[in-house]
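Asks: model the following, please.
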Amino acid sequence: MKFLSDYPQKTQEFLPPGSRWQPAGLTDFNKTDHLLWQALGRGGQVQVCDVADPAGFVSTDPRIVLISHAPESQFMAATRILRQGISLPDSVFCLALEGKGFRGQRNRTWEALAGNLHLTVVYQADIPARNAGAELTMLPAVAAAETTRTALEGQVPEGQVPVTIKWINDILIDGQKAAGVLTSTQIRGDRITGVVFGVGINVAQAPCIDPTPFAPSATAISRHAPSRAHQLPDIFRDIAVRIDRYYRNLQTGGPSTLFGRYRKYTDIVGHRVCIWPENISDWKKSEPFASGTVTELKPDLSLILDHHPEPITKGRLAYESA
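Replies: Numbers count the residues shown, from 1 in each chain. Have a look, this model is predicted:
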């Protein structure tokens, strides 16, 4: 595996023990790596570190791109490049320590604060589009929930600070938003040819947010487990390996456990909810298009509400008590 960084002083702790950064010479970069650095790096001087053992990754030759301050959302940049038909290396894990222009669900801006995880993962793919959409949506949510739960283990009493997935892709700690994920796919014909995952986890800092019924408040792992505030490298490795393992299993057609794992982290069945359209600009001036008690969560992530005739496949959900 190859590590690339623009700021070795800030990213040394992400390397395996005993590894060191080296300035990249022209012979160190092939055309694809050069394109990768231009697209998701900063396009300037780059330091590299080659590591023989991928350490838990299923992918044989992943690229780990570590950027001190991203000039734009790397998720948006990677998605744009794939839509242009440009091929990036397979298995790219790009971490921005800070950044600007970051976007979350429905193109909403969010803060990229120091000490938090801002991860973009890119895969070249060849997966049947049929039935893969829900799996690829669940995958980063499950990985983020499991990584968050692992970070809290041994720090807080089991069950007292629950980690849950709020439909469809927000991760909550004790009811407060701690993480969010995105999935974008490139489709040609009936095949998915490219996948981009975006994951943001509040590790050290909780951003200030305007409270809404959809996200009343935010929190960070460090608020519940203070010793984790400076463990971003460990949290990065944990979630990167989880995403890689789940994705490669999905790619090779292995038995999927994603829905069962997703279902484990969501307690939505039995709750009364209201659901607004996805594209509303001001929820105060809009009305929910559906409300009721969730009676079932389907494997395609659609919701069944009592007294509602059709499954709910998308929208912005708020618990009725909020």
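Asks: so where is this protein shaky, pLDDT-wise?
Replies: Applying pLDDT under 70 to the chain picks out residues 25-28, 42-44, 101-111, 159, 321-322.
Asks: doesn't residue 141 make contact with residue 301?
Replies: No: here residue 301 does not reach residue 141: they are 9.6 Å apart, not a contact under Cβ atoms under 8 Å. The way it works is simple: take the backbone N, C-alpha and C, and place the C-beta from them, glycine included.
Asks: the more surrounded of the two?
Replies: Between residue 301 and residue 141, counting by other Cβ atoms under 10 Å, residue 141 is the more crowded of the two (29 against 22).
Asks: which helix or strand contains the more buried one?
Replies: helix 132-152 (DSSP states H and E).
Asks: next SSE after that helix?
Replies: Downstream of helix 132-152, the next assigned helix or strand under DSSP H and E is strand 163-166.
Asks: list the buried residues in that next one.
Replies: Residues 163-166 are the ones in strand 163-166 that count as buried (16 or more other Cβ atoms under 10 Å).
Asks: and which of those is nearest residue 199?
Replies: residue 165 (12.9 Å; Cβ to Cβ).
Asks: hang on, isn't that closest one packed against residue 145?
Replies: Yes: counting by Cβ under 8 Å, residue 145 is a contact partner of residue 165 at 5.3 Å.
Asks: what sits in contact with each of the two?
Replies: 171, 265 (Cβ atoms under 8 Å, 6 or more residues apart in numbering).
Asks: so the residue most central in space within the chain, which state does it fall into?
Replies: Taking Cα atoms, centre = their mean, the centroid of the chain lies closest to residue 199, which sits 2.0 Å from it. What DSSP: H, G, I helix; E, B strand; the rest coil gives for residue 199 is strand.
Asks: ok, it - contacts?
Replies: Residue 199 neighbours (Cβ under 8 Å, 6+ apart): 117, 119-121, 140, 143-144, 179-182, 239, 243.
Asks: same thing but 7 Å
Replies: 117, 119, 140, 144, 179, 181, 239 (Cβ atoms under 7 Å, 6 or more residues apart in numbering).
Asks: other SSEs contacting the host helix or strand of the fifth one?
Replies: Looking back up the chat, that one is residue 179. Residue 179 belongs to strand 176-188 when assigned by DSSP H and E. When contacts are defined as 3 or more Cβ pairs under 7 Å, 6 or more residues apart in numbering; DSSP states H and E, strand 176-188 packs onto helix 74-83, helix 132-152, strand 170-173, strand 191-201.
Asks: which residues touch the helix holding residue 141?
Replies: Counting by Cβ under 7 Å, 6+ apart, residues outside helix 132-152 touching it are 161, 163, 165, 168-169, 171, 173, 178-179, 181, 183, 185, 192, 195, 197, 199, 201, 221, 224-225, 228, 235, 238-239, 242-243, 246-247, 250, 256, 258-259, 261-262, 265, 299-301.
Asks: just the buried ones among those residues, please.
Replies: Buried among those (16+ other Cβ under 10 Å): 161, 163, 165, 168-169, 171, 173, 178-179, 181, 183, 185, 192, 195, 197, 199, 201, 221, 224-225, 228, 235, 238-239, 242-243, 246-247, 250, 256, 258-259, 261-262, 265, 301.
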